[in-house]
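Chemist: Could you look at this predicted model? Sequence included:
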Amino acid sequence: MKLPEALEEAFNTAASTYDKLTTPQKYAVGIAGGLVSIRLMSSLISFSSDYKRKPTSFDLSGGSIESSKVKAEFDAYNDAYGKDPAQGIKDRSKTAQLVDVFYSLVTDFYEWGWGQSFHFSPKLPAKDWKQSEVAHESRIAAVLGLKPGMKCLDCGCGVGGPLRTIASVSGAHVTGITINEYQVSRARYHNEKQGVAPLATIVRGDFLNMPFQPNTFDAAYAIEATCHAPKLEDVYGQIYKVLKPGALFVTYEWVATDKFNPNNPEHVRIIDEINYGNGLPEMRTRKEAEAAGLNTGFELVTSLDLATSSAVTGPWYNRLWLVLKTVWINKSIVNTMHLLGLMPNGMKAVHDMLVYVAKSLVRGGETGIFSPMHMLVFRKPSNAK
């Protein structure tokens, strides 16, 4: 048996055994496991290099939010979502503020438990998840035809994982924009430590009000980011403005697929949970996303759901499913850190939300009603002014 298969079997056995325990037994195992994990990480910290690829459990924070305000900010985020089916964010004018708060709350958890690329990827045959992730990102450089000397915009860059891949494989200069100041500092830190800084610029800004001159960029892309906009036309319009005539824009869009039935209560519940746990105002359909680009003035070049376009790739949600099989390990660490007062009050609730919505994301993938990677390729007309 190969090592990855053996590890997966061991994880599945441990998870199955854990599920059979009584609640008090689970609590005891969680505390013990958390203490052991904290002790182990404490012993390793002194041997680590000066580059922290991801936060340790001791670093988990509310990002740009002061520690004393984390719980209040999370409670306000929670209250911002309506309780009625398909309601989403009640006051859409506050979407940008809520997205900023959301990413302050979740960025450390994302890096800690997932990695520097905050997106999903189809699983390529005979490739691991990291290789599949890089291929998913590199596709964008190929579709855009990026090459040295070109200037490209990453719209909603997060901490810059995809940006570093795309800039490195293409040689183009990539400017990333994110609304969250904490993500700006993390992205710049990673860019410097990984030697990508000469080809990367990170800017804090609202992609609904781009701080760039018209006709600045030779190309643009967004990876699972424009879904945060209150209206897709608003963010697409800003991208259209800063692109040069004839330039391409590629987006991996979160959409409700053609299988989604708005009259099916389970479908609506799944989408509502995905929206809430990921800072989305609402979920658009594939047709609505296409129409938003056309209404902005773009020409639609390609519309393709990368979740289902290849007959040989594995489901994007399988990676998340594997995380859920062993999430009790991270929950033990978070619960112990919370119990001992070693993380800001409110962070445990944030982690609980992320675990809960992970199940909804998997369910959305299994039912086929949701895709986080519907690829739309738009072109700004060559005769545009």
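Modeler: Cool, got the structure. Numbering: from 1, shown residues only.
Chemist: quick one, phi/psi of residue 300?
Modeler: phi -90, psi 120 (degrees, to the nearest 10).
Chemist: Export stretch 356-363 to PDB, keeping only CA atoms.
Modeler: Extracted in PDB, the C-alpha atoms of stretch 356-363 (Å, rounded to 0.1, in the frame of the first residue of the first chain):
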ATOM      1  CA  TYR A 356     -20.500  23.800   9.100                       C
ATOM      2  CA  VAL A 357     -20.400  25.400   5.700                       C
ATOM      3  CA  ALA A 358     -17.800  23.000   4.400                       C
ATOM      4  CA  LYS A 359     -20.500  20.300   4.700                       C
ATOM      5  CA  SER A 360     -22.800  22.500   2.700                       C
ATOM      6  CA  LEU A 361     -20.200  23.000   0.000                       C
ATOM      7  CA  VAL A 362     -19.700  19.300  -0.300                       C
ATOM      8  CA  ARG A 363     -23.400  18.800  -0.500                       C
END
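Chemist: now it, how far from the centre of its chain.
Modeler: Distance of stretch 356-363 from the chain centroid (C-alpha atoms, centre = their mean, to the nearest Å) equals 14 Å.
Chemist: A strand includes residue 252, no?
Modeler: Yes. Counting by DSSP: H, G, I helix; E, B strand; the rest coil, residue 252 falls inside a strand.
Chemist: wait, isn't it in contact with residue 373?
Modeler: Yes. The criterion here is C-beta atoms under 8 Å, and residue 252 meets it with residue 373 at 4.7 Å. Every C-beta, even on glycine, is put in place using the N, C-alpha and C of the backbone.
Chemist: Who has more neighbours out of these two?
Modeler: Taking other C-beta atoms under 10 Å, residue 252 and residue 373 do not tie; residue 252 has more neighbours (28 against 23).
Chemist: Can you name the residues bridging to that one?
Modeler: Per DSSP bridges, the residues bridged to residue 252 are residue 223, residue 375.
Chemist: just to revisit the earlier point, shared neighbours of residue 252 and residue 373, anything?
Modeler: 119, 224, 306 (C-beta atoms under 8 Å, 6 or more residues apart in numbering).
Chemist: Could you check how many residues crowd around the first one?
Modeler: If I follow you right, that is residue 119. 20.
Chemist: same check, this time on the second one
Modeler: Neighbour count for residue 224, taken as other C-beta under 10 Å: 20.
Chemist: how about the nearest residue to it, chain neighbours excluded?
Modeler: residue 119 (4.6 Å; C-beta to C-beta, 6 or more residues apart in numbering).
Chemist: Is the one you found in contact with residue 136, as I believe?
Modeler: Yes. If you go by C-beta under 8 Å, residue 119 and residue 136 touch, sitting 7.4 Å apart.
Chemist: shared neighbours of the two, anything?
Modeler: Counting by C-beta under 8 Å, 6+ apart, the residues touching both residue 119 and residue 136 are residue 373.
Chemist: which residues touch stretch 119-134?
Modeler: 4, 115, 117, 135-136, 162, 165, 223-224, 252, 306-307, 310, 312-320, 372-373.
Chemist: Using PDB, list the CA coordinates for it.
Modeler: In PDB, the C-alpha atoms belonging to stretch 119-134 read as follows (Å, rounded to 0.1, in the frame of the first residue of the first chain):
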ATOM      1  CA  HIS A 119     -10.000  28.300  -4.100                       C
ATOM      2  CA  PHE A 120     -11.100  24.900  -5.200                       C
ATOM      3  CA  SER A 121      -9.600  22.800  -8.100                       C
ATOM      4  CA  PRO A 122     -10.600  19.800 -10.100                       C
ATOM      5  CA  LYS A 123      -8.400  16.800  -9.100                       C
ATOM      6  CA  LEU A 124      -6.200  15.700 -12.000                       C
ATOM      7  CA  PRO A 125      -5.500  12.000 -12.600                       C
ATOM      8  CA  ALA A 126      -2.200  10.800 -11.000                       C
ATOM      9  CA  LYS A 127      -1.600  14.300  -9.600                       C
ATOM     10  CA  ASP A 128      -1.900  15.400  -6.000                       C
ATOM     11  CA  TRP A 129      -4.100  18.300  -4.800                       C
ATOM     12  CA  LYS A 130      -1.300  20.800  -4.900                       C
ATOM     13  CA  GLN A 131      -0.300  19.900  -8.400                       C
ATOM     14  CA  SER A 132      -4.000  20.100  -9.400                       C
ATOM     15  CA  GLU A 133      -4.300  23.500  -7.800                       C
ATOM     16  CA  VAL A 134      -1.300  24.900  -9.700                       C
END
